[in-house]
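Q: compute the structure for the input listed below.
(one chain, ligands or ions: 2)
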Amino acid sequence: MINEINEIVNNIKIADLPELLHEKLWEYKAEGRANLVVTYCGNNVEYNGIILRLRKITLEEYKIQQLKNQSIKSKDEITANKETKINDSVDNNSINTEDINTNDTNNKIYNLIDKLQINNILYNNLIINNLLGERFSGTNILLKVNSSFLENLNQYIYSYRPENRRSVDRIDNEQYYGILSLDYTKVKKNQTVILSSKETKSLDLNALNIFNSEFLNKIKIQKDFVNSNNLNNQIKLDEFTEQEKDVSKSIYQQCSSTVISNLNTPSNDSSILNIKDHNHSLLNDSNNQSIPETHTIAIELKPKWGFKPNPLKSAFTKKESLIKYKYCRFCLHYLYKNKDKIEGNPPINTNEIHPILKKHFCPLDLYSKDNERINKSINSLFNCPGNNLKLFINGKQVNLKSLNKKDESKRKEDKKSQNNKKIKIDTNDNDDTKDNKKCNKDKDNMNNEDLIENLTKFFNCNKENLKQEFCNFFTYLILQESELFDRLKFHQRNLDSLDIEKIIQFYEYFIHKDYQSEDSSVNRKEMKEPTMEDWFIGFNNYKNKTRSLPLASKYTNLTHSGKELLKNDIYKKDNMLKKEKIFTDEEKKQHILEFLISKTIKDCSILIAVQSINDDDNNCKDGSLNKKLSSSIINQSNKITENNAQASDLNFEKENYREIKIKSKKYQYNIHVVDLDSKNQDIVECYHSYKKCFGDCRENECID
Ligand SMILES: O=P(O)(O)O[C@@H]1[C@@H](OP(=O)(O)O)[C@H](OP(=O)(O)O)[C@H](O)[C@H](OP(=O)(O)O)[C@H]1OP(=O)(O)O
Ligand SMILES: Nc1ncnc2c1ncn2[C@@H]1O[C@H](COP(=O)(O)OP(=O)(O)OP(=O)(O)O)[C@@H](O)[C@H]1O
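A: Numbering: from 1, shown residues only. Ligands and ions are numbered 1, 2, ... in the order given. This next block holds a predicted model:
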């Protein structure tokens, strides 16, 4: 094993900042099923605008964890009493930490949760950034945490958490690292600068043990300091297969603090990659560049699926299944999730579509690039945000539902008449089951009037026009950023080329095969989760496939360069038209992997933070701000043009700051994509269960 390979993960930094480990320095921000996010609220301006993302565990898992810890403790006590060492036969599974690098003098430990976090960062850097563009990704740093901080924080934020979440899970006290990132509900001019004065360490790849040793052993690195100012690493590629070359290039490109240069330029020795060091900076906006926090509004969109599966390319043959192709998967899923409500309250006229299904959000509208349809989709989300639209004002989440509240007297009247009818149909269905049913104090703190005042001021409109203005505003912004939506749609579709119907067959095939294999455990009902190396190889196969597709260079950071095509390209034929029997095991695995990556980008969230640049600022004193901003736009657009002109795997537009003029008012904004974690294989089975429910789930067909 070669130590220098640690440079691969140099870009992932670990910060040890004990001064941050006090619960009162953090405020609850938001959470999903797997992670909880808190935002820094202390006085140290250096940490302004920082968030901490922590893994959660279910309360059941927590109980098991407690029991295990107790049993370990009592075992330790018994052992101590007997003055003997812990017996080797102690069940390893009962200890949730792995001291992987015992020789390490710092006694570095990554436990299973940390590995998951780290794998997710790597997965983001290596795969997702290539699909969506680095511009949207931001920076992550691992922050060392400890169990007493996590326990205190868990208690401290308890009352701010939504009931539906806190009743089932909590922060996992056993993680050693949380992820520090920037708060993307705030506008920053510079997203990629650092905790410059802070000491950080890099990850230890050996200790992480995420790459197969055979793979690593093939990599030989020679360090060669060409001159004292410039570090050039040279990597011998002779012993790589073509596929491994491709993978290792990606690893170095994305993970290391070094930039691979001259990849395609024949040098003295064409089998050597030149790697130049470049200045590295981490998190935190450099404070001089941050923008005052006033009047920032942000929305979080969970856009879900942007395409309709194509029956010709899917395994479907059954006639009754064809109805599925009238609708997108989100809408079918919506029907599935609301089945009980719909069946419990059927419409009087059975031929009529249920009110719940009448005007709900359809993602295909959001992805459509059509002004009217996007507007319609935001309108539906505004009326019924469910889990797909969140609103933040100055970084604080507010309850969108309250915007839909009618004035009090009208509301009482309506309630009365509803009670009389004894029918209760809740079209804001998800709101009751998801995060909007909250006891989030912050939300309650901003009363409806304040909220409306804030928004009307921001949109420069009156109360009556607010919804329309909100929808128009974000329609415009989404159109402006349609490339991101195009990219999501492009990769969601191409990574899910066979549809779940086929993927489940492949998945079951492997499970069945495992049952039959002699050395597998009889009870095994799951496929082995992909290793980091599997992800890289799978992604590279996909990358090569997409190169031949129309629009590939537009929607990826990949070139058409034939030089990098794999020799053993498994995509020589159009797999979609193949019959099952001619899919090799390798191809089946590849399709499952692609399906999982596709799931990640079907489940991400887009955060758009906007701030108005008021006229005073535009005409300020010496006009400096105005000049600065205009020049930054010019630079930005120049950079984009340049990058497009020399499109290459190596050039990304990282900075995210944009300006926009809407109704002659100037705004500045950032856009980021979050929640890009890898998905587990068992999701295949889960997802397949949704297919059992399909029927008419909208008034009209979804239009792809
Ligand atoms: O399966 P879906 O489409 O309901 O998506 C799940 C999300 O539900 P929703 O978007 O509200 O419908 C679900 O969102 P919530 O936690 O309900 O906010 C998660 O994002 C879940 O991902 P993971 O299991 O935490 O990795 C998501 O699950 P997977 O993407 O892992 O299937
Ligand atoms: N960098 C960030 N800046 C601001 N808010 C953030 C950031 N990252 C996450 N959040 C907020 O925290 C919420 C939960 O984070 P995240 O989506 O990563 O959790 P999750 O458990 O993985 O979600 P899901 O259940 O949807 O998979 C997000 O929906 C978003 O509102």
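
Q: please, which helix or strand holds whichever residue of the stretch 101-250 of the chain sits closest to ligand 1?
A: In the stretch 101-250 of the chain, the residue that lies nearest ligand 1 is Arg165 (8.4 Å; CB to the nearest ligand atom). In this view, the C-beta of every residue, glycine as well, is placed from N, C-alpha and C. Using DSSP states H and E, Arg165 falls within helix 163-166.

Q: show me what secondary structure element comes after that helix.
A: Assigned by DSSP H and E, the successor of helix 163-166 is strand 169-171.

Q: quick one: is that next one near ligand 1?
A: No - counting by CB under 6 Å from any ligand atom, no contacts exist between strand 169-171 and ligand 1, the nearest distance being 10.2 Å.

Q: and that strand, which residues are buried?
A: Asp169, Arg170, Ile171 (16 or more other CB atoms under 10 Å).

Q: so what touches it?
A: Identification of contacts with strand 169-171 by CB atoms under 8 Å, 6 or more residues apart in numbering yields Leu36, Leu54, Arg55, Lys56, Ile57, Thr58, Leu59, Tyr62, Leu150, Leu153, Asn154.

Q: dump the buried residues of strand 169-171 into CSV; add pLDDT as well.
A: What follows is the buried residues of strand 169-171, written out as CSV (pLDDT from 0 to 100):
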residue, pLDDT
Asp169, 98
Arg170, 98
Ile171, 98
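
Q: since we're on the residue of the stretch 101-250 of the chain closest to ligand 1, how many residues are nearby?
A: The number of residues packed near Arg165 is 19, by other CB atoms under 10 Å.

Q: need the pLDDT of it.
A: Reported pLDDT at Arg165 in the predicted model: 97.

Q: surely it touches Ala30?
A: No - assessed by CB atoms under 8 Å, Arg165 is found out of contact with Ala30, at 9.9 Å.

Q: ok, now which ones touch the closest residue to ligand 1 within the chain?
A: In the chain, the residue that lies nearest ligand 1 is Arg33 (3.0 Å; CB to the nearest ligand atom). Applying CB under 8 Å, 6+ apart to Arg33 gives the contacts Lys56.

Q: and what about it, helix, strand or coil?
A: coil (DSSP: H, G, I helix; E, B strand; the rest coil).

Q: look up how far Leu484 lies from it.
A: Distance of Arg33 to Leu484, given as CB to CB, to the nearest Å: 23 Å.

Q: that older thread, just grab the bridge partners of the residue lying closest to the residue of the stretch 101-250 of the chain closest to ligand 1 once chain neighbours are set aside for me.
A: Residue nearest to Arg165 in three dimensions, not counting chain neighbours: Glu31, with 5.7 Å by CB to CB, 6 or more residues apart in numbering. With DSSP bridges as the criterion, Glu31 is bridged to Leu36.

Q: correct me if wrong: Glu31 contacts Asn164.
A: No - here Glu31 lies out of contact with Asn164, judged by CB under 8 Å, at a distance of 10.5 Å.

Q: can I get the CA coordinates of the longest helix belonging to the chain in PDB?
A: Assignment by DSSP state H gives helix 59-82 as the longest helix of the chain. Output in PDB follows, covering the C-alpha atoms of helix 59-82 (Å, rounded to 0.1, in the frame of the first residue of the first chain):
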ATOM      1  CA  LEU A  59     -34.900   6.000  18.100                       C
ATOM      2  CA  GLU A  60     -34.900   2.200  17.800                       C
ATOM      3  CA  GLU A  61     -31.400   2.200  16.500                       C
ATOM      4  CA  TYR A  62     -30.400   4.500  19.400                       C
ATOM      5  CA  LYS A  63     -31.900   2.100  21.900                       C
ATOM      6  CA  ILE A  64     -29.800  -0.700  20.400                       C
ATOM      7  CA  GLN A  65     -26.800   1.500  20.500                       C
ATOM      8  CA  GLN A  66     -27.300   2.200  24.200                       C
ATOM      9  CA  LEU A  67     -27.700  -1.500  25.000                       C
ATOM     10  CA  LYS A  68     -24.600  -2.400  23.100                       C
ATOM     11  CA  ASN A  69     -22.700   0.300  24.800                       C
ATOM     12  CA  GLN A  70     -23.900  -0.900  28.200                       C
ATOM     13  CA  SER A  71     -23.000  -4.400  27.400                       C
ATOM     14  CA  ILE A  72     -19.500  -3.300  26.200                       C
ATOM     15  CA  LYS A  73     -19.200  -1.300  29.400                       C
ATOM     16  CA  SER A  74     -20.100  -4.200  31.600                       C
ATOM     17  CA  LYS A  75     -17.900  -6.500  29.700                       C
ATOM     18  CA  ASP A  76     -15.100  -4.000  30.200                       C
ATOM     19  CA  GLU A  77     -15.800  -3.900  33.900                       C
ATOM     20  CA  ILE A  78     -15.800  -7.700  34.200                       C
ATOM     21  CA  THR A  79     -12.600  -7.800  32.200                       C
ATOM     22  CA  ALA A  80     -11.000  -5.200  34.300                       C
ATOM     23  CA  ASN A  81     -12.000  -7.000  37.400                       C
ATOM     24  CA  LYS A  82     -10.400 -10.200  36.200                       C
END
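
Q: report the buried residues of that helix.
A: Across helix 59-82, burial judged by 16+ other CB under 10 Å covers Tyr62, Lys68, Asn69, Ile72.

Q: just the C-alpha atoms of the next helix or strand after that helix, please, in CSV.
A: With elements assigned by DSSP H and E, the helix or strand that comes after helix 59-82 is helix 112-123. Output of helix 112-123 as CSV, limited to C-alpha atoms (Å, rounded to 0.1, in the frame of the first residue of the first chain):
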residue,chain,number,x,y,z
LEU,A,112,-19.0,3.4,10.1
ILE,A,113,-21.0,6.6,10.2
ASP,A,114,-18.0,8.7,9.4
LYS,A,115,-17.1,6.4,6.6
LEU,A,116,-20.6,7.0,5.2
GLN,A,117,-20.2,10.7,5.5
ILE,A,118,-16.8,10.6,3.8
ASN,A,119,-17.9,8.3,1.1
ASN,A,120,-20.7,10.7,0.4
ILE,A,121,-18.3,13.6,0.0
LEU,A,122,-16.2,11.5,-2.3
TYR,A,123,-19.2,10.4,-4.2
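
Q: hmm, helix 112-123 in reach of ligand 1?
A: No - applying CB under 6 Å from any ligand atom, one finds helix 112-123 out of contact with ligand 1, separated by at least 10.4 Å.

Q: show me what that helix is packed up against.
A: Packed against helix 112-123 by the contact rule (3 or more CB pairs under 8 Å, 6 or more residues apart in numbering; DSSP states H and E) you find strand 50-58, strand 141-144, strand 177-182, helix 532-547.

Q: mind redoing it with 7 Å?
A: With contacts taken as 3 or more CB pairs under 7 Å, 6 or more residues apart in numbering; DSSP states H and E, helix 112-123 sits against strand 177-182, helix 532-547.

Q: as CSV, these with mean neighbour count, mean pLDDT and distance to His295 would be great.
A: Output for these, formatted as CSV (neighbours: other CB atoms under 10 Å; pLDDT from 0 to 100; distance: least, CB to CB, whole Å):
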stretch, mean neighbour count, mean pLDDT, distance to His295
strand 177-182, 23, 92, 19
helix 532-547, 22, 86, 41
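
Q: burial count for Asp682?
A: When neighbours are defined as other CB under 10 Å, Asp682 has 13 of them.
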